[in-house]
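[1] kindly generate the corresponding structure for this input.
(4 chains)
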Protein chains: 2
Amino acid sequence: MSDMTSTADAPRSPGRPRSVRADEAIIEATLDLLAEGSTIEALSIEAIASRAGVGKATIYRRWPGKDALLLDALRRLKGILPQPAGHSVRDDLVLLVGAVGHNIDPRAVKIMPCLVPEVNRSPDHFQLYQNIIEPRRQLMRDVLRRGIRTGELRADLDVEVTMALLTGPMLVQRMLRWHPELDDRILPERIVDGVLEGIRAR
Amino acid sequence: MSDMTSTADAPRSPGRPRSVRADEAIIEATLDLLAEGSTIEALSIEAIASRAGVGKATIYRRWPGKDALLLDALRRLKGILPQPAGHSVRDDLVLLVGAVGHNIDPRAVKIMPCLVPEVNRSPDHFQLYQNIIEPRRQLMRDVLRRGIRTGELRADLDVEVTMALLTGPMLVQRMLRWHPELDDRILPERIVDGVLEGIRAR
DNA sequence: ACGATACGATCCGGTTCCGTATCGAAACTC
DNA sequence: GAGTTTCGATACGGAACCGGATCGTATCGT
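    Model prediction:
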């Protein structure tokens, strides 16, 4: 995508090299505008250029259009994967559930909800979203499988359903602030413990 | 809002009365366009008028702008509340969880995700959304409280957290198709049973 | 110094939408 | 029939944005 990275140090092309600062400024401006509440299609190239202190042509020189730019910008949000300690399944799950929808970049929290409609509309955007979150889901999948192996979790567990049980409540809370009175800080613990122990009386 | 309902049968005003067909056609066109994938602000009055077979002025005669029209249109999606049988807590929860994000009007499934960004941006839209779903949440709250009372559920249950546990996974699945391989038909059962019994081995 | 390219800035033609205005026809009250 | 109001249709000025083009300048290799 968008061969911006002129890291090809081989035959240095002639002429003035592209400004790395412009690359960064454009991406940052895009994320900033999204994080400030702009909708995806309310986002205009002109606004991005203005915000980045960059000419429109500079943007069109790098990306063919808004979609391609967005695609590159959203890649920046992935951030570093959380690192489960590997001791207690419960503690690892609390860590991973707490990381749902909570990326290193604080703007991600604001931006991700904006993608929901797009994800439902465009198969491409759906795939992009899946690619972004898949590594994190794989982490949780591994922890669950480990728990089954070590006997901490039921042997007949449906891993995919369990992942939905764990991530769904957290995601809904972060995206929709569905239960304004719930405390985001302790919620991961409550979710994990609730799912671990069940709610049926015994 | 928007005193379209001229149910005030008192002093019938002179002149040609407003067409009820136009009222209906405008609302329907709005919902249709949203269900077809239009974003909220990509939705234009002109498109609605064209789709409804109505002049723009006819719309502006009824609503001051797009927001007011949308507000009225979205009210139509509420539909009838599901009716828990009241026998088994599990069965009632399966019914309610299956009803999450599944309104009578099939268009609602498509439209609701479009509201996510708006809900995060505008307090007014947030309140609108809360008003729409609150009755359904109250139903589930009642079932959970009944379960606690009858001893079917743990006495120390946090009702709000439990509602998140039950509705979150379903909502994420319906909105984001997060787990493409999960079967929506049996998912409510799996969620309820998972949350009821817990996943810890014993 | 020179060619080549990128830079920010600006302008242009085209499109879309808004919100209002106006038209002749139609529908209703009195 | 006169008067009033809404009807669908159409047009308008203004605004926003797109995608491209061009300008004069800046920065690189040779």
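[2] state the pLDDT value of residue A:183.
    We have a pLDDT of 81 for residue A:183.
[3] near DNA strand C, which residues of chain A are found?
    With C-beta under 7 Å from any atom of the strand as the criterion, chain A meets DNA strand C at residues A:13-19, A:22, A:25, A:53-58, A:61. Where you see a C-beta, it was placed from the backbone N, CA and C, and this is true even at glycine.
[4] list only buried entries from these.
    For the residues of chain A next to DNA strand C, a burial check counting by 16 or more other C-beta atoms under 10 Å in any protein chain shown picks out A:22, A:25, A:54, A:58.
[5] may I have the helix or strand of chain A with the lowest mean pLDDT as PDB, with CA atoms only?
    One helix or strand of chain A scores below all others by mean pLDDT, DSSP states H and E: helix A:107-121, with a mean of 82. What follows is helix A:107-121, C-alpha atoms only, in PDB (Å, rounded to 0.1, in the frame of the first residue of the first chain):
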ATOM      1  CA  ARG A 107      -7.500   8.200  20.000                       C
ATOM      2  CA  ALA A 108      -8.400   4.700  19.200                       C
ATOM      3  CA  VAL A 109     -11.100   4.600  21.800                       C
ATOM      4  CA  LYS A 110     -12.800   7.500  20.000                       C
ATOM      5  CA  ILE A 111     -12.100   6.300  16.500                       C
ATOM      6  CA  MET A 112     -13.200   2.700  16.700                       C
ATOM      7  CA  PRO A 113     -16.900   3.400  17.200                       C
ATOM      8  CA  CYS A 114     -16.800   5.400  14.000                       C
ATOM      9  CA  LEU A 115     -15.800   2.300  12.100                       C
ATOM     10  CA  VAL A 116     -18.900   0.300  13.100                       C
ATOM     11  CA  PRO A 117     -21.100   1.500  10.300                       C
ATOM     12  CA  GLU A 118     -18.400   1.100   7.800                       C
ATOM     13  CA  VAL A 119     -17.600  -2.400   8.900                       C
ATOM     14  CA  ASN A 120     -21.200  -3.300   8.300                       C
ATOM     15  CA  ARG A 121     -21.300  -1.700   4.900                       C
END
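[6] distance of residue A:66 from DNA strand C?
    The spacing between residue A:66 and DNA strand C, counted by C-beta to the nearest atom of the strand, to the nearest Å, is 14 Å.
[7] look up the closest residue to that residue, ignoring the ones flanking it.
    Distances taken as C-beta to C-beta, 6 or more residues apart in numbering or on different chains put residue A:45 closest to residue A:66, at 6.0 Å, once the chain neighbours are dropped.
[8] picking up where we left off before, and which of the buried ones among the residues of chain A next to DNA strand C is nearest to residue B:163?
    Using C-beta to C-beta, residue A:25 is the member of those that lies nearest residue B:163, at 44.0 Å.
[9] and the closest one, what does it touch?
    With contact taken as C-beta atoms under 8 Å, 6 or more residues apart in numbering or on different chains, residue A:25 is in contact with A:52-54.
[10] ok, back up a step: need the max-distance pair from the buried ones among the residues of chain A next to DNA strand C.
    Greatest spatial distance in these: A:25 and A:58, 9.3 Å, computed using C-beta to C-beta.
[11] following the lengthiest helix in chain A, which helix or strand shows up next?
    The single longest helix within chain A, with elements called by DSSP state H, is helix A:123-150. Once the chain leaves helix A:123-150, the next helix or strand it forms, by DSSP states H and E, is helix A:159-176.
[12] that next one packs against which elements?
    Judged by 3 or more C-beta pairs under 8 Å, 6 or more residues apart in numbering or on different chains; DSSP states H and E, helix A:159-176 is in contact with helix A:89-99, helix A:107-121, helix A:123-150, helix A:187-197, helix B:107-121, helix B:159-176, helix B:187-197.
[13] can you pull the pLDDT of whatever residue of chain A ends up closest to DNA strand C?
    Of all residues in chain A, residue A:15 sits closest to DNA strand C, at 2.2 Å by C-beta to the nearest atom of the strand. For residue A:15, the model assigns a pLDDT of 77.
[14] helix, strand or coil for it?
    The local conformation at residue A:15, judged by DSSP: H, G, I helix; E, B strand; the rest coil, is coil.
[15] got the residues of chain A near DNA strand D?
    A:12, A:14-17, A:42-47, A:55-57, A:60, A:65-66.
[16] quick one on the thing from earlier: export the contacts of residue A:25 to TSV and tack on secondary structure?
    Below are those laid out as TSV (three-state DSSP):
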residue	secondary structure
A:52	helix
A:53	coil
A:54	coil
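[17] quick one: which of those residues is nearest residue A:173?
    Closest to residue A:173, out of all of the contacts of residue A:25 and judged by C-beta to C-beta, is residue A:52, at 33.3 Å.
[18] my read is that the closest one contacts residue A:29, right?
    Yes. Residue A:52 is in contact with residue A:29 according to C-beta atoms under 8 Å; the separation is 3.8 Å.
[19] now the helix or strand that contains residue A:33: buried residues?
    Assigned by DSSP H and E, residue A:33 belongs to helix A:20-35. For helix A:20-35, the neighbour count (16+ other C-beta under 10 Å) marks A:22-23, A:25-31, A:33-35 as buried.
[20] tell me where chain A is predicted with low confidence.
    A:1-12, A:103-104, A:201-202 (pLDDT under 70).
[21] for chain B, what's its nearest residue on it.
    Closest to chain B within chain A is residue A:198: 2.7 Å, counting by C-beta to the nearest C-beta.
[22] phi, psi of residue A:100?
    phi -60, psi 120 (degrees, to the nearest 10).
[23] do the same with residue A:157
    Dihedral pair for residue A:157: phi -70, psi 140, per degrees, to the nearest 10.
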